[in-house]
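A.B. asks: Sequence and predicted structure, then a few things I'm wondering about:
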Amino acid sequence: MPESLKIDLPTFFEVGEHKVENLFKILQFHRLDFSKILLLGDRKTLKLGGDASASKFRREGIQVNKRLIANSDKRNVDKIKKVITENRPDLVIGFGGGKVLDVAKLAAGQNDTKFISIPTTLSNDGISSPVAVIKDEHDIPVSHITKAPYGVIVDINIIKRAPIRHIKAGVGDVISNLSAVFDARLAHAKGIEEVNETALSLAETGPINLLEYQGTSLVPGTRSY
């Protein structure tokens, strides 16, 4: 299959309540071997659960290096890449919103280090994609193709605390996939570009399910570790 038509997906997804509280057990469950981690977040997201997770890792004998991400720009990516090169963590864990996850994703990908994505809001689909949007030296957002997160962990208890505008933005971002899929199929029909039908099907499954959903709760069940 041509490289451009391959799909890069996370190895595992965990969605449910109390996931961050069980982060160490979840990583063990998925057979990840690590003794040193780099934990990335901003001041607010680390207080939401990142600091508590760091304490639990240390009690298990894991070396934890914490760094704050202020902006999703080239300077921050270069800073984190340097930290990864110098400290060689087994895992990079991004705990936060889009700017934290994009910086962590790109820096980890360019250093061939496994990245675990733990979003604190669902305002876009960048939590699991192989794309990182980073501002260049002119403050212009640029999309970079990198590796998808090795794992994605969504803690419903944390997501529910996000501002409602972020939830609405995420819903809009998911629904917009339908027009993007239509555009891709139209371009393919006109012979303009190749497409991966599996990728298109994945892209439209989410918004279709969302639009057809008629229940009262989106909170899935939890697993005991």
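C.D. replies: Looks like it came in fine.
A.B. asks: And the closest residue to residue 122 other than its chain neighbours, which helix or strand is it part of?
C.D. replies: Sequence neighbours aside, residue 170 is the residue nearest to residue 122 in space, at 3.9 Å (criterion: CB to CB, 6 or more residues apart in numbering). For every residue, glycine as well, the C-beta is placed using N, CA and C. According to DSSP states H and E, residue 170 maps onto helix 164-175.
A.B. asks: and that helix, what does it pack onto?
C.D. replies: With contacts taken as 3 or more CB pairs under 8 Å, 6 or more residues apart in numbering; DSSP states H and E, helix 164-175 sits against helix 197-212.
A.B. asks: Only the buried residues of the helix it packs on, if you could.
C.D. replies: Across helix 197-212, burial judged by 16 or more other CB atoms under 10 Å covers 199-200, 203-204, 207.
A.B. asks: swap in stretch 54-66?
C.D. replies: 54, 56-57, 62, 64-66.
A.B. asks: Ends of it, what's the gap?
C.D. replies: 8 Å (CA to CA, to the nearest Å).
A.B. asks: residues contacting residue 59?
C.D. replies: By CB atoms under 8 Å, 6 or more residues apart in numbering, no residues touch residue 59.
A.B. asks: same check, this time on residue 166
C.D. replies: 97, 121-123.
A.B. asks: And those residues, which two are furthest apart?
C.D. replies: Largest separation among these by CB to CB: 97 and 122, giving 9.5 Å.
A.B. asks: Okay, domains of this protein per the record?
C.D. replies: Using automatic domain parsing, the domain parsing of the chain gives 3-162, 168-212.
A.B. asks: Would you format those domains as a markdown table with mean pLDDT included?
C.D. replies: As requested, the domains of the chain are exported to a markdown table (pLDDT from 0 to 100):
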| stretch | mean pLDDT |
| --- | --- |
| domain 3-162 | 92 |
| domain 168-212 | 89 |
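A.B. asks: Please identify the most buried of those domains.
C.D. replies: When you average the neighbours per residue for each of the domains of the chain (mean count of other CB atoms under 10 Å), domain 3-162 leads with a mean of 18.
A.B. asks: Wasn't residue 179 part of a helix?
C.D. replies: Yes. Counting by DSSP: H, G, I helix; E, B strand; the rest coil, one finds residue 179 located in a helix.
A.B. asks: from now on call the first residue 77
C.D. replies: Understood, numbering begins at 77; the last thing we discussed is residue 255.
A.B. asks: For residue 226, give its distance to residue 98.
C.D. replies: 18 Å (CB to CB, to the nearest Å).
A.B. asks: again but with residue 259, I slipped
C.D. replies: Distance from residue 259 to residue 98, by CB to CB: 40 Å.
A.B. asks: which one is the residue nearest to the spatial centre of the chain nearest to, not counting chain neighbours?
C.D. replies: The centroid of the chain falls nearest to residue 203 when counting by CA atoms, centre = their mean (2.6 Å). Using CB to CB, 6+ apart and skipping residues adjacent in sequence, the residue nearest residue 203 is residue 195, 4.3 Å away.
A.B. asks: Let me know whether that neighbour touches residue 175 as I believe.
C.D. replies: No. Using CB atoms under 8 Å, residue 195 makes no contact with residue 175, being 11.6 Å away.
A.B. asks: Mind picking the two most distant members of the buried residues of stretch 130-142?
C.D. replies: Checking the buried residues of stretch 130-142 with CB to CB, the most distant pair is 132 and 141, at 15.3 Å.
A.B. asks: Identify the residues contacting stretch 118-131?
C.D. replies: In contact with stretch 118-131 (CB under 8 Å, 6+ apart) are residues 96-97, 99-100, 115, 117, 140, 142, 144-146, 169, 171-173, 175-176, 194, 196, 231, 234, 237.
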